[in-house]
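1. Sequence plus predicted model, see below.
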Amino acid sequence: MVFFQLFLMLILILVAAEVFTNALEHFGEKLGISEGVTGSLFAAIGTALPETIVPLLALLAGSQNVTTNEEIGVGSILGAPLMLATLSISLMAISVWKRRGTHGHLRPERTGLKRDLNFFIIAFSFAAIAMYVPHTLAIVRYGISAAMVLTYFIYMVMTLNASKALVADGHGTEAESEMFLCRIGFPNNNLVIFLQLLLGVTLLIVVAKGFINWVEVAAQAVGISTLLLSLLIIPIATELPEKVNSILWIRKGKDTLAFANITGAMVFQGTLLPAIGITLTPWQPSPEVALGIALTLVAAIWLRYLAGKGSLQVWHLFFNGSIYIIYWLLVLH
């Protein structure tokens, strides 16, 4: 029964992601913005809501066990970037493997991809450093937290400023199919686009929350610790929107939107969420957490190297997926 519910939640997430991406393409086209902005900012923030809500709920309105709440919060915050940088990136490549071939090329807009990864690597490195700052130096820890919030603001400004030139170069957002609400008689205007976006986001949040609940039941049944549950299991549910949206886009040939959706979410979750963790939790390194941070950075740096090199092939991203498997094997050994 538990696994049937998980499967049902997964199907509903697929439906919600399709509704959301369909409306988002029309929204980006109406605004005349680049695919990078649509993916890195709007899609990334919208689909990052589930994994943002989980640690906040755990830390601010969780159970009476403070330690458990903190473990769920830290695990959710750090497990999300690990999942995105490794498994999510790899699943995109796997989804087009048959169509493009092992040595097939992936062609996201490179300047935006490099910008996203630069911001993430720098910010996430500071999040790692903060774990080793003594609690007696509270002003330093809070200073790092504030700097990470400022980093995301600077990232947003730079991404928006780059949009006009990218649109002129042919990277504007284009909607390929009619909006779903329009198919049942609604007019194609800004209000209807907003309503479908709201519907998609609401479905994503509600269904992801249901998925999390059933994942927790299944995980407890097989005896997984709270920290491992948060690092490995919960992100599978909360990151599904990013994975599904990016797979849908890359299969349509929208490589920039697909990559930007994931790397933009990485920046969001590598800056604002760790800032929350540094402020509201002990934010100390355990072996599982330290290994997760290290492997996340390895995966991001590998992707940044490929972006800088200018040649991004399908098989290159299989390495990211192998990192996720290695992490599982090491922490469950």
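-> Sure, I can see it.
2. Report the distance from stretch 101-120 to the chain centre.
-> In this view, stretch 101-120 has its centroid 15 Å away from the chain centroid, taken as Cα atoms, centre = their mean, to the nearest Å.
3. Repeat that for stretch 21-29.
-> 19 Å.
4. And stretch 148-166, by the same measure?
-> 17 Å.
5. go on, stretch 118-128?
-> Chain-centre distance of stretch 118-128: 15 Å, with Cα atoms, centre = their mean.
6. cool, and stretch 20-27?
-> In terms of Cα atoms, centre = their mean, the centre of stretch 20-27 is found 18 Å from the chain centre.
7. List the buried residues of it.
-> Buried positions in stretch 20-27, judged by neighbour count with 16 or more other Cβ atoms under 10 Å: 20-27. (C-beta placed from N, C-alpha, C; glycine too.)
8. next one: stretch 247-255
-> Buried residues in stretch 247-255 (16+ other Cβ under 10 Å): 247-250, 254-255.
9. quick revisit: tabulate the buried residues of stretch 20-27 in JSON lines, adding columns for distance to Val298, secondary structure and pLDDT.
-> What follows is the buried residues of stretch 20-27, written out as JSON lines (distance: Cβ to Cβ, whole Å; DSSP: H, G, I helix; E, B strand; the rest coil; pLDDT from 0 to 100):
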{"residue": "Phe20", "distance to Val298": "31", "secondary structure": "helix", "pLDDT": "78"}
{"residue": "Thr21", "distance to Val298": "29", "secondary structure": "helix", "pLDDT": "72"}
{"residue": "Asn22", "distance to Val298": "35", "secondary structure": "helix", "pLDDT": "78"}
{"residue": "Ala23", "distance to Val298": "35", "secondary structure": "helix", "pLDDT": "81"}
{"residue": "Leu24", "distance to Val298": "31", "secondary structure": "helix", "pLDDT": "74"}
{"residue": "Glu25", "distance to Val298": "33", "secondary structure": "helix", "pLDDT": "74"}
{"residue": "His26", "distance to Val298": "38", "secondary structure": "helix", "pLDDT": "78"}
{"residue": "Phe27", "distance to Val298": "35", "secondary structure": "helix", "pLDDT": "78"}
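10. now, among those residues, which is nearest to Val96?
-> Closest approach between these and Val96, by Cβ to Cβ: Thr21, at 16.3 Å.
11. Quick check: the gap between the closest one and Ile247.
-> Counting by Cβ to Cβ, to the nearest Å, the gap from Thr21 to Ile247 is 10 Å.
12. now swap in Leu303 and tell me
-> From Leu303 across to Ile247, the span is 17 Å (Cβ to Cβ).
13. Ok, Arg304 next?
-> Going from Arg304 to Ile247 by Cβ to Cβ gives 22 Å.
14. Any stretches of the stretch 101-250 of the chain with poor pLDDT?
-> 163-177, 208-209, 211-220, 222-234, 237-242 (pLDDT under 70).
15. could you redo the last one with a cut-off of 90?
-> Scanning the stretch 101-250 of the chain with the threshold set as pLDDT under 90 gives 109-112, 134-138, 156-194, 196-246, 248-249.
16. I'd guessed Ile122 sits against Thr151; true?
-> Yes. In this structure, Ile122 is within contact of Thr151 by Cβ atoms under 8 Å, at 7.3 Å.
17. who has more neighbours, these two?
-> Thr151 (20 against 14; other Cβ atoms under 10 Å).
18. packing partners for the helix or strand containing the more buried one?
-> Element membership of Thr151, judged by DSSP states H and E, is helix 138-161. On a contact count with 3 or more Cβ pairs under 8 Å, 6 or more residues apart in numbering; DSSP states H and E, helix 138-161 meets helix 35-37, helix 110-130, helix 255-280.
19. Tell me which of these is the most buried.
-> Highest mean neighbour count among those (mean count of other Cβ atoms under 10 Å): helix 35-37, with a mean of 29.
20. Averaged pLDDT, that one. What do you get?
-> For helix 35-37, mean pLDDT is 66.
21. Use 266 as the first number for this chain going forward.
-> In the new count, where the first residue is 266, that last one comes out as helix 300-302.
22. Which pLDDT value belongs to the closest residue in space to His370 that isn't next to it in sequence?
-> Spatial nearest neighbour of His370, excluding adjacent residues (Cβ to Cβ, 6 or more residues apart in numbering): Gln578 at 5.9 Å. Note on Gln578: pLDDT of 93.
23. is it true that Gln578 touches Val361?
-> No. Using Cβ under 8 Å, Gln578 makes no contact with Val361, being 11.1 Å away.
24. Which neighbours do these two have in common?
-> Applying Cβ atoms under 8 Å, 6 or more residues apart in numbering, one finds that Gln578 and Val361 are jointly contacted by 369, 371.
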